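Participant: need a structure here:
(2 chains)
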Number of protein chains: 2
Amino acid sequence: MSDKQKKAVVLLSGGLDSATVLAIAKVQGYACHALSFDYGQRHSAELAASRRVADAMSVAEHKILRLDLGSIGGSALTDMAIAVPEAQAEGIPATYVPARNTVFLSLALGWAEVLAARDIFIGVNAVDYSGYPDCRPEFVQAFEKLANLATKAGVEGECFRIQAPLIEMSKAEIIRTGTKLGVDYALTVSCYQADDQGCACGTCDSCRLRAQGFQEAGVADPTCYQDTQKV
Amino acid sequence: MSDKQKKAVVLLSGGLDSATVLAIAKVQGYACHALSFDYGQRHSAELAASRRVADAMSVAEHKILRLDLGSIGGSALTDMAIAVPEAQAEGIPATYVPARNTVFLSLALGWAEVLAARDIFIGVNAVDYSGYPDCRPEFVQAFEKLANLATKAGVEGECFRIQAPLIEMSKAEIIRTGTKLGVDYALTVSCYQADDQGCACGTCDSCRLRAQGFQEAGVADPTCYQDTQKV
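Facilitator: Here you go, the predicted structure:
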């Protein structure tokens, strides 16, 4: 990596979307500093997947920050007392984690400023977004504006860019894009309640969107399911 | 506390400003949920002060979230390799913690949403603000806008308010306001490098601003200094 290579912070969850974003940032020539969060999610399979993906894609650095969102609660993803929904409901689902992307982007911003990186990549997606408010283009734009008011770099005129290259893509387009860029989706985990081996339940919203995406993309689904009865 | 009492999340550092903000929120009738961060700051005196203040002011709840900003680095306050400046320099000082208030407000927002609180109080101040970009009114406004795009509550039309009642006050006005409201400033710690007993160095920017504030307010300075040679 040359000293002059431009740097980016890439939010990496270990899921399909963020693995694709990392591949996009790499092909654009960025030295990628991947950032994952140990935030009290239900299972550790996601973090294990983020390590596999970061390793396979030769990132410049992979940082996992501990962050106790579980103590705030309020989501099926961080509070074991709230059930993960099995069918798509109307409105914003119980898997919504209050202010999650705001928190993740804020920490990415802090790290980006320290690294002198000006680009932050996030795999949010407004099409198959499960209804999360912090996956919409207007949220991303508002965060970018905030970033440039909040920081020393922003005040000094070096603008941050929040890059959300998947924001208008369908799940199928994301999978086709990543497949072209050589992403190994077998390394990723999307399921909200994966087991320790990273095998998926096949029934939660995230599993349904993923399976449908592979089907529509015409790409073989490499997902490991917890039983043979695949959705 | 009645069930109908309106709730607020109040960011509480243990310093003079946030103790005053807590008193303001209380006198406005809010049930106050105080939020502090164990973020890798140089000393634990600040957190001990936040506990004393929360206790003295009978908050509804005091949560201390662990957050490893030290692993991101980039500030004299979280990185022991960077010295705390002793004299006010031009521009943004080495004590600036990249994106700190953005991170703190994001987590306050998440907690507020879970609590069904719509008000978040923060003790930022644009007058004696040491040049931090994330203490300016335009930052607070941009965060409020983001909060209402980022959250389920915001999307459903229940607006969040980011309340920064000190933003246009001088340090002396803050001290006079808090004194009227019965804040015991002896419980608070402002120093960037306080010792374990919470006694102040007397030489850092934060100590200088505090001492000057008490002097201008005509209020006796209850600060405990590390040696008798008070600034």
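Participant: which stretches of chain A form strands?
Facilitator: Listed in chain order, the strands found in chain A under DSSP state E are A:7-11, A:31-38, A:61-66, A:119-121, A:161-163.
Participant: Direction included, what does the second one pair up with?
Facilitator: Applying DSSP bridges, strand A:31-38 is found paired with strand A:7-11 (parallel), strand A:61-66 (parallel).
Participant: most neighbours per residue, which of the strands of chain A?
Facilitator: strand A:7-11 (a mean of 26; mean count of other Cβ atoms under 10 Å in any protein chain shown). From N, CA and C alone the C-beta is placed, and that goes for glycine too.
Participant: Quick check: residue A:157 vs chain B, distance?
Facilitator: 12 Å (Cβ to the nearest Cβ, to the nearest Å).
Participant: repeat for residue A:106
Facilitator: When residue A:106 is compared with chain B (using Cβ to the nearest Cβ), they lie 4 Å apart.
Participant: next one: residue A:144
Facilitator: In terms of Cβ to the nearest Cβ, residue A:144 sits 10 Å off from chain B.
Participant: Where in chain A is the helix or strand with the lowest mean pLDDT?
Facilitator: helix A:152-155 (a mean of 84; mean pLDDT, DSSP states H and E).
Participant: Just put the strands paired with strand A:31-38 in TSV and tack on mean pLDDT.
Facilitator: Below are these laid out as TSV (pLDDT from 0 to 100):
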stretch	mean pLDDT
strand A:7-11	98
strand A:61-66	93
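Participant: which one of these lies closest to residue A:149?
Facilitator: Residue A:149 lies closest to strand A:7-11 among the strands paired with strand A:31-38, at 18.5 Å (Cβ to Cβ).
Participant: Now do the end-to-end distance for stretch A:108-125.
Facilitator: By Cα to Cα, to the nearest Å, the extent of stretch A:108-125 from end to end equals 18 Å.
Participant: related to what we said a few turns ago, closest to residue A:114 out of the strands paired with strand A:31-38?
Facilitator: strand A:7-11 (9.7 Å).
Participant: ok now the closest one, how far from the chain's centre?
Facilitator: Centroid displacement of strand A:7-11 relative to its chain, using Cα atoms, centre = their mean, to the nearest Å, is 12 Å.
Participant: which residues sit against that strand?
Facilitator: The contact list for strand A:7-11 (Cβ atoms under 8 Å, 6 or more residues apart in numbering or on different chains) reads A:18, A:21-22, A:25, A:30-36, A:59-60, A:104-105, A:108, A:111-112, A:115-117, A:119-123, A:163.
Participant: So what's the residue count around residue A:182?
Facilitator: Using other Cβ atoms under 10 Å in any protein chain shown, the number of residues around residue A:182 comes to 11.
Participant: Can you check what pLDDT the model gives the nearest residue to it once chain neighbours are set aside?
Facilitator: Spatial nearest neighbour of residue A:182, chain neighbours left out: residue A:23 (6.9 Å); criterion: Cβ to Cβ, 6 or more residues apart in numbering or on different chains. Here, the pLDDT recorded for residue A:23 equals 98.
Participant: Brilliant, that's me finished.
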